[in-house]
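*Asks:* Mind folding the following:
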Amino acid sequence: MTGGMRQLSGIFLFVALVACIPLVTDSGVILNFVMMALYAALLAQAWNILGGFGGQFSFGHALFFGTGAYLQAIAQLHGGLNAWLALSVAVAGSAGVGVLVGALSFRYGLKGSYFALVTLAFAEVFRILALSVPFTGAGVGLMLPLQEAFANMQFGSRKGFVYLVLGFVTVALLVTWWLKHSRFGAYLQAVRDNEDAARAVGVHPFDVKLGAIALSGGFMGAGGAFYVQVFQYIDPGIAYGPGTSVEALVAAIVGGMGTVWGPVLGALVLHALSDLTRNLFGQLPGINMVIYGVVLVLIVMFLPRGIAGLGATANSLWSRLWRGNGGLRG
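*Replies:* Just a heads-up that it's a prediction; the model follows:
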């Protein structure tokens, strides 16, 4: 079995194992942890498509999250659409915003810190717009009515939401697997590594990066739509605030950028740390962000490839030690 097929088999095994969890437990604590960990993995995987595979670091991925969340709510409240149809609007709209931002940024060659700041600025602009226009509820926000039914994408227990977000994560995993093994993915990684060299061999960096930001924005929009369905409320601070952007990029970096499993591992570890610190230091607001910062610094210092690259990092260290000791003097 080739490496690609082993990885694909691993994805289906992971999905099967997670799908069994709601079948064997009714614990609200466990189901909520699984749901939120998968939700964090979805956001991290969305960021990973653009930042990990494409090398285009974004500090404002909340832009796409918030757009998806608002479109999901507005399509149902003002457009009278079914929740599932609203989901397609949310995903398509977020991808469209990604294309808009990408067209304006990549056309003028923005990359690195300049691109990161542009995405942050766009998120802030959209937050101010959401505070100002009436159809977003302005500063009050929007609240979806509780109507528990599959047709409304609202479920009587966390089990339904676990399966819903697991479906999103499954598609995200399959897309990242495809990026690892497809021609488009090879183009994207070539642009990440050396844009000029990629252009010299016939790759069109603008088109490739535009496709990546559309995919990334679409998955982030799905995360926003999921959030609205679970919590039934959205406001400009939640939608376009920096917390969502930080959660997405930190989980991807901690887990391992440009990998299939890195964002999942990073989301799981960080969500477990977040729950642990909340239980131990609940009286100290913002402590989870401090923990995120410390973990990120430690990962960058000691595990530059992230958790997913732990084996490669250990092998590299061992090789250096071996050479430094003259093959262990033997």
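*Asks:* If I look at residue 26, what pLDDT would I see?
*Replies:* Per-residue pLDDT puts residue 26 at 92.
*Asks:* isn't there a helix covering it?
*Replies:* No. Counting by DSSP: H, G, I helix; E, B strand; the rest coil, residue 26 is not found in a helix; it is coil.
*Asks:* tally of neighbours for it?
*Replies:* 11 (other CB atoms under 10 Å). C-beta coordinates here come from the backbone N, C-alpha and C atoms, glycine included.
*Asks:* give me phi/psi at it?
*Replies:* phi -110, psi 10 (degrees, to the nearest 10).
*Asks:* next one: residue 305
*Replies:* Taking degrees, to the nearest 10 as the convention, residue 305 sits at phi -90, psi 0.
*Asks:* What pLDDT is listed against it?
*Replies:* 78.
*Asks:* surely it meets residue 256?
*Replies:* Yes. Applying CB atoms under 8 Å as the test, residue 305 and residue 256 come out as touching, 5.7 Å apart.
*Asks:* higher neighbour count, those two?
*Replies:* Higher neighbour count among residue 305 and residue 256: residue 256, with 27 against 18, using other CB under 10 Å.
*Asks:* And that one, how close does it get to residue 127?
*Replies:* 30 Å (CB to CB, to the nearest Å).
*Asks:* Same check on residue 223?
*Replies:* 17 Å.
*Asks:* Those two - which one has more neighbours?
*Replies:* Using other CB under 10 Å, the more surrounded residue of residue 223 and residue 127 is residue 223, with 31 against 22.
*Asks:* Surely the more buried one and residue 47 touch.
*Replies:* No. Contact between residue 223 and residue 47 fails when scored by CB under 8 Å: they sit 10.1 Å apart.
*Asks:* so where is the stretch 151-300 of the chain shaky, pLDDT-wise?
*Replies:* 282-283, 286, 288, 292 (pLDDT under 70).
*Asks:* quick one: pLDDT of residue 322?
*Replies:* 54.
*Asks:* And for the residue nearest to residue 198 when sequence neighbours are not counted, the neighbour number?
*Replies:* Closest residue to residue 198 apart from its sequence neighbours, by CB to CB, 6 or more residues apart in numbering: residue 190 at 4.0 Å. The local packing of residue 190 (other CB under 10 Å) involves 17 other residues.
*Asks:* Would you check how far apart the most centrally placed residue in the chain and residue 220 are?
*Replies:* Centroid check for the chain by CA atoms, centre = their mean gives residue 43 as the closest residue, at 2.1 Å. Per CB to CB, residue 43 is found 7 Å from residue 220.
*Asks:* residues shared between the contacts of the two?
*Replies:* Applying CB atoms under 8 Å, 6 or more residues apart in numbering, one finds that residue 43 and residue 220 are jointly contacted by 61, 65, 248.
*Asks:* If you rank these by neighbours, which is first?
*Replies:* That'd be residue 65 among the shared contacts of residue 43 and residue 220, by other CB under 10 Å, with 33 neighbours.
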